[in-house]
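*Asks:* Provide a 3D model corresponding to the input given below.
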Amino acid sequence: MEFRLEGMEDEKRKLLAKGGLVEDWNRLMTRDLPLEDLTWKDGKLYGEAVLELARSCMVKGGLLEYECYDDRKKPQGRALLCLSDWESFPDGLLQGAHLAASDPYYEWYAQQRLKDGKCLYHLCADESSKCKFKLARGDRREVVHIQKWRLVNPLAMMENEYMRKLALELVKRLVEDFVPAARVPEPTGRPPPEAPGGPGVGGRADVTGLDRAAKEAALEEDTRGERKPQERRKKGDGPGVPRGSVGLLLQQKAVERREGEKEKEEERRGRKRRSRSRSRRRKKKRRSSETSRSKSGRSESGESSGDFRMPSTRGRTNFGGSAKSTPGGC
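*Replies:* As a prediction, this is how the structure comes out:
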């Protein structure tokens with residue numbers, strides 16, 4: 001998926017120059033958001049199930065676009081919100097920071113009333129004009145009722161004029177923080193390096209190096225000449241096997257090879273046993289974690305406040321980081 005737009009091409013070139021791939025660029029632009037998260041959700045259609053839907057897809061630092069309404073409940077464009085956390089999950093109350101609005105009047109309203117924790121966002125399970133939710137008496141924070149909403153990424157933001165500047169700022173930050181993943185080197189087609197000992201040793205024609213060693217031993221035997229029988233025979237060599245002969249060398253090599261294979265087999269079995277032990281511990285820990293999450297999920301509906309999931313390490317980099325460095329303070 002290619003995306004070409006002024007300003008974005010410069011950032012793409014920077015990412016590629018840092019060792020990134022086209023796949024990294026596409027992931028950065030989409031933030032790994034599935035298509036269903038980019039579609040509009042309507043509280044009137046989902047009813048109370050809209051809360052579970054929101055909890056399944058919303059993360060800290062996620063970007064939410066919603067339809068705005070004026071005091072008379074008439075449409076007033078769209079606005080972009082950076083999500084922070086749940087204020088109260090059972091009530092459908094969200095914390096977040098306003099980033100931008102398509103309507104200049106709503107933008108002015110947001111700058112005056114929706115800044116610095118002065119407001120909360122309510123996910124309505126019906127038409128926003130019919131929503132009866134109100135904050136407790138004495139809580140002077142503004143409540144913005146949201147009926148229709150969706151999550152967005154830089155690619156979707158670039159399609160909307162009022163969000164393009166923010167999209168470019170976000171992409172610049174992501175490119176600046178990008179660190180390329182370790183790559184597996186591509187095969188070069190060259191033959192494998194020769195084993196120590198020179199050409200032929202360890203190659204296809206002489207895998208063990210015995211042929212070369214045998215030739216060298218035979219050459220050495222020829223240069224030494226005849227010896228006395230008692231010198232040629234050594235205790236433990238076995239009958240009829242002269243000391244230093246090719247037969248003895250091959251015999252020694254075979255013993256060494258069997259011992260080496262035995263050590264490798266024992267090491268392999270040890271690794272297999274350790275791997276099975278780690279696998280059993282991981283399964284036990286996973287079962288314990290699933291049980292804990294199950295208990296937590298059953299009790300969470302009765303709590304006054306939930307928590308957003310943290311974004312995954314791939315693609316869902318927090319738009320905000322620190323409040324000082326982020327447009328809109330998210």
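*Asks:* the residue lying closest to residue 48 once chain neighbours are set aside: what secondary structure?
*Replies:* The shortest distance from residue 48 to any non-neighbouring residue, by CB to CB, 6 or more residues apart in numbering, is to residue 125 (5.1 Å). C-betas here are computed from N, CA, C, even on glycine. Following DSSP: H, G, I helix; E, B strand; the rest coil, the label given to residue 125 is coil.
*Asks:* residue 149 now?
*Replies:* The three-state label given to residue 149 by three-state DSSP is strand.
*Asks:* what comes up buried for the longest strand along the chain?
*Replies:* Taking DSSP state E as the criterion, the chain has its longest strand at strand 75-88. Buried residues in strand 75-88, counting neighbours by 16 or more other CB atoms under 10 Å, are found at 76-84, 86-87.
*Asks:* measure residue 67 to residue 136 for me?
*Replies:* As judged by CB to CB, to the nearest Å, residue 67 and residue 136 stand 27 Å apart.
*Asks:* so the two - more neighbours on which side?
*Replies:* Neighbour count, other CB atoms under 10 Å: between residue 67 and residue 136, residue 67 has more, with 18 against 5.
*Asks:* enumerate every residue touching that one.
*Replies:* Residue 67 makes contacts with 75, 77-78, 146-149, as judged by CB atoms under 8 Å, 6 or more residues apart in numbering.
*Asks:* which residues of this structure fall in helices?
*Replies:* For the chain, applying DSSP state H gives helices covering 8-17, 22-30, 43-46, 50-57, 104-113, 154-157, 164-177, 210-224, 229-232, 246-300.
*Asks:* lowest average confidence across these, which one?
*Replies:* In terms of average pLDDT, helix 229-232 trails the rest of the helices of the chain, at a mean of 51.
*Asks:* okay, now residue 30: neighbour count?
*Replies:* 18.
*Asks:* isn't it right next to residue 151, touching?
*Replies:* No: using CB atoms under 8 Å, residue 30 is not in contact with residue 151, being 11.2 Å away.
*Asks:* ok, residue 34 to residue 75 distance?
*Replies:* For residue 34, the distance to residue 75 - CB to CB - is 27 Å.
*Asks:* so, low pLDDT: which residues of the stretch 51-200 of the chain?
*Replies:* Within the stretch 51-200 of the chain, the stretches with pLDDT under 70 are 183-200.
*Asks:* 80 instead?
*Replies:* 116, 182-200 (pLDDT under 80).
*Asks:* count of neighbours near the residue nearest to residue 21 when sequence neighbours are not counted?
*Replies:* Distances taken as CB to CB, 6+ apart put residue 180 closest to residue 21, at 7.9 Å, once the chain neighbours are dropped. By the measure other CB under 10 Å, the count of residues near residue 180 is 12.
*Asks:* which ones are touching residue 180?
*Replies:* 18-21, 24.
*Asks:* in a markdown table: those residues, plus neighbour count and distance to residue 103.
*Replies:* Formatted as a markdown table, the contacts of residue 180 follow (neighbours: other CB atoms under 10 Å; distance: CB to CB, whole Å):
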| residue | neighbour count | distance to residue 103 |
| --- | --- | --- |
| 18 | 13 | 38 |
| 19 | 12 | 42 |
| 20 | 19 | 37 |
| 21 | 13 | 39 |
| 24 | 21 | 36 |
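*Asks:* I figured residue 94 was touching residue 83, is that so?
*Replies:* Yes: under the criterion of CB under 8 Å, residue 94 makes contact with residue 83 at 6.6 Å.
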